[in-house]
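J.: Fold the following and give me the result.
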Amino acid sequence: MLQENKTIEFNGKQYDSRHGGAFDRGSADSYYGRPANPHYYSGSTYRSNQVLEVMMTQEQIDAYHAGYAYNEKFGDHKSWD
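T.: Residues are numbered from 1 along each chain as shown. You can find the predicted model right below:
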């Protein structure tokens, strides 16, 4: 089964929005109220290898921070009530 590549535009730039990718992980950290900590997963979140910031390219780090900023801008945060 082929997976369709999905992108999201933010601040005039296209980002890969795949689950587990850098943009996705940044937005998830923001959503759950976690501090920014650039990382992503090589495949599915929590079911593949985690890639830490020291092993990321600048482009991947930028995508993580863009995902974090994207979620912060739109104010979507987990309600812990």
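
J.: OK, contacts around the closest residue to Arg47 other than its chain neighbours?
T.: If the residues on either side of it in the chain are set aside, Arg47 comes closest to Tyr41, at 7.7 Å by C-beta to C-beta, 6 or more residues apart in numbering. Heads up, the C-betas are built off the backbone N, CA and C, glycines and all. Tyr41 makes contact with Gly20, Gly21, Arg25, Arg47, Ser48, Asn49, Gln50, Val51 under the criterion C-beta atoms under 8 Å, 6 or more residues apart in numbering.

J.: Quickly list what Tyr41 is bridged to.
T.: Gln50 (DSSP bridges).

J.: Spell out the residue ranges of the helices in this structure.
T.: Applying DSSP state H to the chain gives helices spanning 22-31, 58-74.

J.: want to throw those helices into CSV with distance to Asp16 and mean neighbour count?
T.: Output for these, formatted as CSV (distance: least, C-beta to C-beta, whole Å; neighbours: other C-beta atoms under 10 Å):
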stretch, distance to Asp16, mean neighbour count
helix 22-31, 6, 23
helix 58-74, 7, 18
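
J.: closest to Glu9 out of those helices?
T.: Among the helices of the chain, helix 58-74 comes nearest to Glu9, with 9.8 Å by C-beta to C-beta.

J.: Report the rounded mean pLDDT for the closest one.
T.: Mean pLDDT, helix 58-74: 97.

J.: For it, name the packing helices and strands.
T.: Helix 58-74 sits against strand 7-10, strand 13-16, helix 22-31, strand 39-41, with contacts defined as 3 or more C-beta pairs under 8 Å, 6 or more residues apart in numbering; DSSP states H and E.

J.: Which strands or helices does the first one pack on?
T.: Using 3+ C-beta pairs under 8 Å, 6+ apart as the contact criterion, the secondary-structure elements in contact with strand 7-10 are strand 13-16, helix 58-74.

J.: got the buried residues for that strand?
T.: Residues Phe10 are the ones in strand 7-10 that count as buried (16 or more other C-beta atoms under 10 Å).

J.: quick one: strands adjacent to that strand?
T.: With DSSP bridges as the test, strand 7-10 pairs up with strand 13-16 (antiparallel).

J.: quick one: buried residues of the partner strand?
T.: Tyr15.
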